[in-house]
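Peer 1: Would you be able to build a 3D model of this:
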Amino acid sequence: MNIKSSHIVIGLIIILLAIFSFGAFYTVNTGERGVILRFGRLTGIASEGLNMKMPFVDQVELMSVRDYNLTMKSEVSSSDIQTIAVEVGLVYSLDPMKVDYIYQTYGKSIENTLLRPTLSEKINAIIAEYPIEAFVEKRAEISSRISTAFSNQVGGSGIIVKSLLITNHDFSDEFNKAIEDKKIAEQGALAAKFTLERMKLEAEAQTVKQASLSPMVLQEMAINKWDGKMPQYFSGDKLPFITIK
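Peer 2: Residues are numbered from 1 along each chain as shown. So this is what the prediction gives:
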């Protein structure tokens with residue numbers, strides 16, 4: 001019985017050692033970092049590759065440091081109180097050196113707790129400075145201002161902003177209708193102006209033409225149109241279209 005008991009104890013020890021050994025190793029994949037928690041307290045960051053930890057003591061939370069693509073749609077107001085539906089595309093990543101701070105501060109919900117609210121606030125504040133008719137012309141400028149303001153706000157939080165652009169926009173049906181009516185009116189006014197200018201130029205050309213018709217020119221025009229036949233009857237002492245006083 002003693003021999004059998006010792007074998008059982010040795011077997012249990014081997015099993016425990018195996019469990020302990022396997023639990024002491026873990027892998028952090030490429031594009032990730034590990035946040036090490038010891039009894040729930042933050043102790044450090046694990047880099048890519050094979051790492052060791054204390055079994056049953058340490059916990060590792062994996063955080064991706066690859067690029068994230070966040071798309072956000074919202075309705076905002078211009079400076080002249082017109083509604084604009086905008087779509088913004090944000091490409092960002094987590095700073096590999098600050099994933100511990102990010103996890104400690106925001107956990108794994110940084111988009112909802114920090115990025116979306118901050119981005120919404122910057123979009124509304126900056127677009128509200130522009131009238132709606134200037135939005136299309138200055139969209140690149142507006143995107144740049146939003147990107148700068150957003151980057152400055154979240155930069156200290158361990159967020160790396162790669163790009164931030166207004167990718168799409170749409171105006172209200174009422175404003176689109178007003179723009180269409182305005183274009184039609186402008187085109188009509190332009191057509192009327194063109195017609196008036198054409199008539200004016202034609203009148204001026206006719207005046208110049210009439211003023212330039214000297215007797216010699218009229219005689220030449222008459223000769224060019226003459227069919228070569230002498231008139232049967234004429235009065236006066238000059239042949240018409242030929243003799244010039």
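
Peer 1: any low-confidence regions in this protein?
Peer 2: 1-23, 172-196, 205-206, 208-245 (pLDDT under 70).

Peer 1: now with 80?
Peer 2: Scanning the chain for pLDDT under 80 picks out the ranges 1-24, 56, 172-245.

Peer 1: Show me the domain layout of it.
Peer 2: 2-64, 68-171, 213-245 (automatic domain parsing).

Peer 1: Among these, show me which one is buried the most.
Peer 2: domain 68-171 (a mean of 16; mean count of other C-beta atoms under 10 Å). All C-beta atoms are positioned from the backbone trio N, CA, C, and that covers glycine.

Peer 1: and the nearest residue to residue 32 once chain neighbours are set aside, what are its bridge partners?
Peer 2: By the measure of C-beta to C-beta, 6 or more residues apart in numbering, the closest residue to residue 32 outside its immediate chain neighbours is residue 62, 5.0 Å from it. Beta-bridge partners of residue 62, counted by DSSP bridges, are residue 34.

Peer 1: what's the span of stretch 104-112 from first residue to last?
Peer 2: 15 Å (C-alpha to C-alpha, to the nearest Å).

Peer 1: contacts for it?
Peer 2: Stretch 104-112 has contacts (C-beta atoms under 8 Å, 6 or more residues apart in numbering) with 42, 61, 63, 68, 70, 94, 102, 113, 114, 157, 159.

Peer 1: OK, contacts around residue 27?
Peer 2: Residue 27 neighbours (C-beta under 8 Å, 6+ apart): 49, 50, 51.

Peer 1: Which helix or strand contains it?
Peer 2: In this assignment (DSSP states H and E), residue 27 forms part of strand 25-28.

Peer 1: Partner strands of that strand, with direction?
Peer 2: strand 49-52 (antiparallel).

Peer 1: can you map out the helices along the chain?
Peer 2: 2-23, 99-106, 110, 116-127, 132-135, 139-154, 173-211, 215-225 (DSSP state H).

Peer 1: Tell me who's in contact with residue 124.
Peer 2: Contacts of residue 124 by C-beta under 8 Å, 6+ apart are 74, 76, 77.

Peer 1: is it true that the last one touches residue 123?
Peer 2: No - at 11.0 Å, residue 77 does not count as touching residue 123 under the criterion of C-beta atoms under 8 Å.

Peer 1: isn't residue 52 right up against residue 24?
Peer 2: Yes - with contact defined as C-beta under 8 Å, residue 52 and residue 24 form a contacting pair (5.4 Å).
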